[in-house]
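>>> curious how this folds, go ahead:
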Amino acid sequence: MNCPHAVPQYIWDSLTDEARAVIGAVVDGLEERLAEAELQIQELRARLDQNSANSSKPPSTDPIGVKRRPPTPPSKKRRGGQEGHPRRMRALISPERVASVTECKPTSCRRCGHALSGEDSEPLRHQVAELPPIEPEVHEYRLHRLVCRHCNTVTRGALPAGVPRTAFGPRLHAVLSVLTGAYRLSKRQVAQLCSDLLGLTISVGMIAKLERVTADVLEQPVSELAEAVKTAEAANIDETGWRESGRKAWLWVVVTGLGIVFRIVRSRAGAVVAGLLGEEPKPIVISDRFPGYEWIELQSRQVCWAHLRRDFQAMIDRDGDGAEVGRQLLRQSNKLFEYWHKVRDGTIRRSTFLRYMAWLRPVVRSSLERGSQCACAKTAATCGELLRLWHCLWTFTRVEGVEPTNNAAERALRHAVIWRRISGGTDSEAGSRYVERMLSAVATCRQQKRSVSEYLTRCHRSRLAGHPIPSLLTVPASSAA
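This is a model prediction of the structure:
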């Protein structure tokens, strides 16, 4: 047995074999515990150094003092529209929609003062939009109560078909839902707005009741949309934290060309993903590397490169043996996005872009293989996982129309995240149903470029008339135009 460094050689030589064995075992145990402690310290330091630049944490969680990404240096161009850019002007309202027309004719020449007469066949049109005093129309229905002369029974008149039982009509009901569901106003703010702008008195409890009615109205069209989304050719999917009744939940979103669906559930398991995407996954699913997507075939996935860039930055921030690998991968991802932005903007042809990617792919693989052999355990694990998911990194090069990032889903979640930060989540399961259905209706209508309030108005009118609720999948011709 060799002499431990901490024991002088002359003392070691004087010891018996049994003493040497005991000391050796103690030293080996201490060295093993020290190695474990150093590894734990390294992991804790890496966790402490996590921020929005090297992990999936949002920027709002960054502690004070974290160095943010430096702003883009200002260009030398002057402010405002640049020379040669296409002029954009507000479109004029058609003459039949103008409330009044005032003819403005000059009476004398601006140069010599001579009297002028006649008309300009094509005068310049200057339109001024003004908001008239907002005063809601109040329709009163007088329910007469008449006494039967035969049996003295009192019978009250019934409301006509299509008249709501509440004190608010379908359009006003739709607008109130849009204020809370699309513009994230609190119930108290909506009540105050109704008082300030409309002169109406409405309680917070009534607003909550109207929200429940809206949730019931949207149940069928959102369910229909959720089933249709399962048949889409490609889907972006993502999730974020939520609070329901003070307990942890997750808000999921699926973005497709057919529409956008939100779902609030208490689980983050792969079964939720299967329920949203269908048992048979899409030809292409764009997502991050969350384990809940592992059941999807590798050929059908596109891993988000924006998330990978945060992993590469984390390699750099951990320093050590994996830092140089992180810097190489970050530079290579910069090249990838440089070429991607060019082909997306039409600066280069897709065939040229694919040649660039054919050169870049082996370079990235070489860096990942080098990282998988480095001494940093976390960097090696990340690089090894990316090598396992290698085909998922390049689906956007094989399938035209697929993007290398999951930005579509993250942009869709932004409105919901702000809503969560303002409200703190939902207090009940019924509240969650309202949130997810309103988010789905708002996002889908905006994707289809149609008015959210007009769609909800049609929904409430159909409910009152006993007609089928309008579908979120069918865009009216007027809206499509």
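
>>> is it true that Arg420 touches Trp242?
Yes: contact criterion Cβ atoms under 8 Å: Arg420 and Trp242 qualify, at 6.1 Å. All C-beta spots, glycine's among them, are computed from the backbone N, C-alpha and C.

>>> what do the two both touch?
Leu251 (Cβ atoms under 8 Å, 6 or more residues apart in numbering).

>>> tell me which of the two has more neighbours.
Trp242 (24 against 19; other Cβ atoms under 10 Å).

>>> tell me how far the helix or strand harbouring Glu219 is from the chain's mean position?
For Glu219, the element it lies in under DSSP states H and E is helix 204-229. For helix 204-229, the distance from its own C-alpha centre to the chain's C-alpha centre is 20 Å (Cα atoms, centre = their mean, to the nearest Å).

>>> mind listing what Val442 touches?
Residues near Val442 by Cβ under 8 Å, 6+ apart: 178, 181-182, 415, 452.

>>> ok, now Gly424?
If you count contacts by Cβ under 8 Å, 6+ apart, then Gly424 has Arg243 around it.

>>> state the distance from it to Arg243.
Between Gly424 and Arg243 the computed distance is 6 Å (Cβ to Cβ, to the nearest Å).

>>> pretty sure Lys248 belongs to a helix, no?
No: counting by DSSP: H, G, I helix; E, B strand; the rest coil, Lys248 falls outside a helix, being strand.

>>> need the pLDDT of it.
Residue-level confidence at Lys248 comes out at 93, pLDDT.

>>> with Ile64 instead?
61.

>>> still on that earlier bit, packing partners for the helix holding Glu219?
Where contact means 3 or more Cβ pairs under 8 Å, 6 or more residues apart in numbering; DSSP states H and E, helix 204-229 is packed against helix 170-181, helix 187-193, strand 260-265, helix 429-447, helix 452-465.

>>> so which elements touch the helix ranked longest in the chain?
Longest helix of the chain, by residue count under DSSP state H: helix 17-48. Helix 17-48 sits against helix 305-318, helix 377-388, with contacts defined as 3+ Cβ pairs under 8 Å, 6+ apart.

>>> buried ones in the first one, by neighbour count?
What that stands for is helix 305-318. 305, 307-318 (16 or more other Cβ atoms under 10 Å).

>>> now whichever strand in the chain runs longest and helix 305-318, what's the angle there?
Looking across the chain with DSSP state E, the single longest strand is strand 234-244. Put simply, strand 234-244 runs at 60 degrees to helix 305-318, going by axes from the mean of the first three to the mean of the last three Cα atoms, to 10 degrees.

>>> would you mind listing the buried residues in strand 234-244?
234-240, 242-244.

>>> could you do stretch 8-24 as well?
Result for stretch 8-24 [16+ other Cβ under 10 Å]: buried residues 20, 23.

>>> show the average pLDDT along it.
Regarding stretch 8-24, the rounded mean pLDDT is 74.

>>> Trp252 belongs to a helix?
No: counting by three-state DSSP, Trp252 falls outside a helix, being strand.

>>> that one is in contact with Val272, isn't it?
Yes: counting by Cβ under 8 Å, Trp252 touches Val272, with 6.3 Å between them.

>>> now the common contact residues for the two.
Common neighbours of Trp252 and Val272, counting by Cβ under 8 Å, 6+ apart, are 263, 265.

>>> between these two, who's got more neighbours?
Trp252 (24 against 18).

>>> any buried residues in the helix holding Glu219, and which?
Within helix 204-229, judged by 16+ other Cβ under 10 Å, the buried ones are 206-207, 210-211, 213-215, 217-218, 221-222, 224-226, 228-229.

>>> same question, stretch 173-188
Quick answer for stretch 173-188 (16+ other Cβ under 10 Å): 173-182, 184-185, 187.

>>> again, but for stretch 254-267
254-256, 258-265.

>>> and for stretch 389-402?
For stretch 389-402, the buried set under the neighbour-count rule, 16+ other Cβ under 10 Å, comprises 392-397, 402.

>>> cool, stretch 339-352 as well?
For stretch 339-352, by 16+ other Cβ under 10 Å, it's 339-340, 343.

>>> for Cys3, give me the pLDDT.
pLDDT recorded at Cys3 is 69.

>>> ok, Asn51 next?
63.

>>> helices and strands of this protein: which one bottoms out on pLDDT?
Every helix and strand of the chain was ranked by mean pLDDT, DSSP states H and E. The lowest is helix 477-480, at a mean of 56.

>>> now do the host helix or strand of Ser351: which elements does it pack against?
Assigned by DSSP H and E, Ser351 falls within helix 350-372. Packing partners of helix 350-372 (3+ Cβ pairs under 8 Å, 6+ apart): helix 323-345, helix 377-388, helix 395-398.

>>> now Val163: how far from Glu31?
From Val163 to Glu31 the distance is 84 Å (Cβ to Cβ).

>>> actually, Pro8.
19 Å.

>>> kindly report the same for Val253.
With Cβ to Cβ as the criterion, Val253 and Glu31 are 50 Å apart.

>>> neighbour-wise, which of those two wins?
Val253 (25 against 11).

>>> how close does the more buried one sit to Arg243?
Taking Cβ to Cβ, one finds Val253 at 17 Å from Arg243.

>>> can you check Cys376 too?
36 Å.

>>> good, we can wrap up now.
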